[in-house]
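Student: how would this look folded up:
(2 chains)
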Amino acid sequence: MRNVLVKLSIFMIMPLVFLLFWQFMSSLIDNKIILPAISDVFLLLKSPNQPMIGMGSLVDNLTISLIRVLTGYVAAFCLAIPLGMLMGYSKFIFSLFHYFMGLFRPIPPLAWVPLVLAWFGVASLANFSPIQSGQIYIYLRNIQISMVFIIFIGAFFPILLSTIYGVQNVRKTLIESARTLGGNEFKIFWKILIPASAPSIVNGMRIGLGVAWMCLVSAEMLPGSISGVGYLIIHAYTVARTDVVIAGMISIGVVGVMLDTIFKTLETKKFAWQSKYR
Amino acid sequence: MNSLILETKDLHKEYTTDKKRVIKALAEINLKVHSNDFLCILGPSGCGKSTLLRIFAGLEKSSGGSIFYKNKPLTSSTHEIGMVFQEYSLLPWRTVIGNVSLGLEFLGKKRNKRLETAMRYLRLVGLEDYAQSYPYELSGGMQQRVAIARSLANDPEILLMDEPFGALDAHTRILLQKELLRIWDNNRKTVLFVTHSVDEAIYLADRILVMSAGPGTLLEEITVDIERPRKRSDPEYGRLTTRILEMLDSQIKQ
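Tutor: Here you go, the predicted structure:
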């Protein structure tokens, strides 16, 4: 119990110092547009369901952002994991794609913006959906293809690379011993390769989700956006509401930590063997 | 003499390195293995003894010559020939019993049957209390016992062992040699055991095949005529050790 208290207080030191510094600076500057007081931001965060600056509530915007990120992210890992497994498994497929993809990897997701806008404009998933009315339609209209694409690019490469790395680094003895026990290629793929590379794949998924979430703000700055936390922040900036900007930033951080925690829990629960593996 | 189970004729193996140099690993291997034999293959490091075993396991292709398993040509891996590796080869995400039943899963055995068989072999190696543990919770020697149980659970005709105790400390090694003989006595598989330890070979084998270095050939076959359990203090044990060591020495001088 005492240990927990000690740990908790060590954990709390930096945030407290930070808040104190913030409070001190905001009273020193005494200008809401440059640095609002903690209390102003806290008030916004305390009632996240309240509409602000004519843009709907924080929760509404977060929900839309989250749906966008997840759409791009799911598309990214649905493509990156199978491709990565094949690239890790077959030397031919690896050399077929590796050097080609290497050209695209260094391009920052944001650099795709002009091209993506030229291709997709303000088209959204609603353009391709048979549903043309109701709540689902409104959501679909908010998922612009261009944004999903940017998020997809951001998440794709970390997942792909970790998957390739995971499959290529499966200990050879594991595969060979399975072979001498009578395993064929197919069974070895399912029973050895996939579980052995799972920690690396999940780690890639975790990094990928982080990057996808980070691409959000830039994606939501694209034309055609009328919602999302990223847009909320930009819009708040144009109307000089720095408190809303900070509240939006904090909520992005909090949601990011929450998403990361899901993966972290999965890693420690499912892959405890990995850290103790010699 | 028991029936012939494995035979090679003029088996050889060459590698080509990245720099296009051809290296002869094995040359003219003519070998006869009878069932229930405990055979040790002994040789200096780099003599290709592991390669020979890997060819028998179907993990590598020979460059020429032929191998007959039960009078039929042997071309690929078969679950009738099991292998225990020097490095730890257990699946770290599976429990001990999950590891031992892996081969039975490959063979398509039912779950109940798998667990029952796996448990029987765990009992054989004396690790039934660790069925639910994970490999990383076991010592190196225990892990190798699990690996042996896993190979035996498949009920192979031949058990290939590639320096299985090579990574263990001296004391554990001696304990496991004793343990292996006890297990072998129980179900008398044909064992092909590769080692570079003269002592280990004499302690374990019915016959010792001494190999020469690069390219590996069979130098001499020695029958160990000492009653088991063998005592390292036995004068015959010492004489044999000296003889084999001299043989290996002359190899290095050449």
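Student: B:V125: what's it in contact with?
Tutor: B:145-146, B:148-149, B:179, B:183 (CB atoms under 8 Å, 6 or more residues apart in numbering or on different chains). Bear in mind the C-beta positions are built from the backbone N, C-alpha and C, glycine included.
Student: Which one of those residues is nearest to B:V96?
Tutor: When these are ranked by distance to B:V96 (CB to CB), B:V146 comes first, at 5.4 Å.
Student: Can you give me every residue that contacts the closest one?
Tutor: Residues counted as contacts of B:V146 (CB under 8 Å, 6+ apart) are B:90, B:96, B:99-100, B:122, B:125, B:127, B:130, B:135, B:138.
Student: Identify the residues contacting residue 189.
Tutor: You didn't say which chain, so I picked chain A. Neighbours of A:F189 in contact, by CB under 8 Å, 6+ apart: A:Y89.
Student: try chain B instead
Tutor: Residues in contact with B:K189 (CB under 8 Å, 6+ apart) are B:36, B:152, B:156-159.
Student: B:G108 - how many residues pack around it?
Tutor: B:G108 is flanked by 9 other residues according to other CB atoms under 10 Å in any protein chain shown.
Student: Now do the same for it: helix, strand or coil?
Tutor: Per DSSP: H, G, I helix; E, B strand; the rest coil, the local secondary structure of B:G108 is coil.
Student: List phi and psi for it.
Tutor: phi 80, psi 30 (degrees, to the nearest 10).
Student: Equivalent analysis for the one 3 residues further on, please.
Tutor: Main-chain dihedrals, B:R111, degrees, to the nearest 10: phi -50, psi -50.
Student: Could you report the neighbour count for it?
Tutor: Applying other CB under 10 Å, we find 10 residues neighbouring B:R111.
Student: Find me the pLDDT at it, would you?
Tutor: On pLDDT, B:R111 comes in at 94.
Student: likewise B:V224?
Tutor: Reported pLDDT for B:V224: 91.
Student: likewise B:K253?
Tutor: B:K253 is assigned a predicted lDDT (pLDDT) of 62.
Student: Around chain A, pick out the residues from the stretch 51-200 of chain B.
Tutor: B:57-59, B:77-79, B:81-83, B:85, B:87-89, B:91-93, B:102-103, B:105-107, B:134-136, B:147, B:150-151, B:154, B:160 (CB under 8 Å from any CB of the partner chain).
Student: Check for me that B:V194 belongs to a helix.
Tutor: No. Assigned with three-state DSSP, B:V194 falls outside any helix and is strand.
Student: for it, which residues make a bridge with it?
Tutor: Applying DSSP bridges to B:V194 gives these bridge partners: B:I41, B:D162.
Student: Could you report the distance from it to chain A?
Tutor: Plainly put, B:V194 is 14 Å away from chain A if you go by CB to the nearest CB, to the nearest Å.
Student: Could you verify my assumption that that residue touches B:E163?
Tutor: Yes. If you go by CB atoms under 8 Å, B:V194 and B:E163 touch, sitting 5.7 Å apart.
Student: Could you name every residue contacting both of those two?
Tutor: Joint contacts of B:V194 and B:E163 (CB under 8 Å, 6+ apart) are B:S50.
Student: So these two - more neighbours on which side?
Tutor: Taking other CB under 10 Å, B:V194 and B:E163 do not tie; B:V194 has more neighbours (26 against 20).
Student: Could you list the buried residues of stretch B:10-17?
Tutor: By 16 or more other CB atoms under 10 Å in any protein chain shown, the buried positions in stretch B:10-17 come out as B:11-13.
Student: which other residues reach it?
Tutor: B:22-31, B:48, B:51-52, B:55, B:60, B:62-67, B:215.
Student: Go again with 6 Å.
Tutor: For stretch B:10-17, the external contacting residues (CB atoms under 6 Å, 6 or more residues apart in numbering or on different chains) are B:22-29, B:51, B:62-65.
Student: Residues of the stretch 101-250 of chain A that sit close to chain B?
Tutor: For the stretch 101-250 of chain A, the contact set with chain B under CB under 6 Å from any CB of the partner chain comprises A:173, A:176-177, A:179-183, A:187, A:195.
Student: The residues you listed in helices, which ones?
Tutor: Within those, residues falling in helices by DSSP state H are A:173, A:176-177, A:179-180, A:187, A:195.
Student: Which elements pack onto the longest helix seen in chain A?
Tutor: Ranked by residue count and defined by DSSP H, the top helix of chain A is helix A:58-89. Under the contact criterion of 3 or more CB pairs under 6 Å, 6 or more residues apart in numbering or on different chains; DSSP states H and E, helix A:58-89 touches helix A:91-104, helix A:145-168, helix A:194-220, helix A:229-238.
Student: For the third one, buried residues please.
Tutor: If I follow you right, that is helix A:194-220. Buried residues in helix A:194-220 (16+ other CB under 10 Å): A:194-220.
Student: Among the buried residues of stretch B:10-17, name the ones in strands.
Tutor: Among these, the subset assigned to strands under DSSP state E consists of B:11-13.
Student: As TSV, these with pLDDT would be great.
Tutor: Output for these, formatted as TSV (pLDDT from 0 to 100):
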residue	pLDDT
B:L11	91
B:H12	91
B:K13	91
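Student: I'd like to know which of those residues is nearest to A:N3.
Tutor: Distance to A:N3 across those (CB to CB) is lowest for B:K13, with 60.0 Å.
Student: what sits opposite the nearest residue to the closest one once chain neighbours are set aside in the beta ladder?
Tutor: Nearest non-adjacent residue to B:K13, counting by CB to CB, 6 or more residues apart in numbering or on different chains: B:L26, 4.2 Å away. Legend: beta-bridge partners of B:L26 under DSSP bridges are B:K13, B:G216.
Student: who are the neighbours in contact with B:L26?
Tutor: Contacts of B:L26 (CB under 6 Å, 6+ apart): B:12-13, B:48, B:216.
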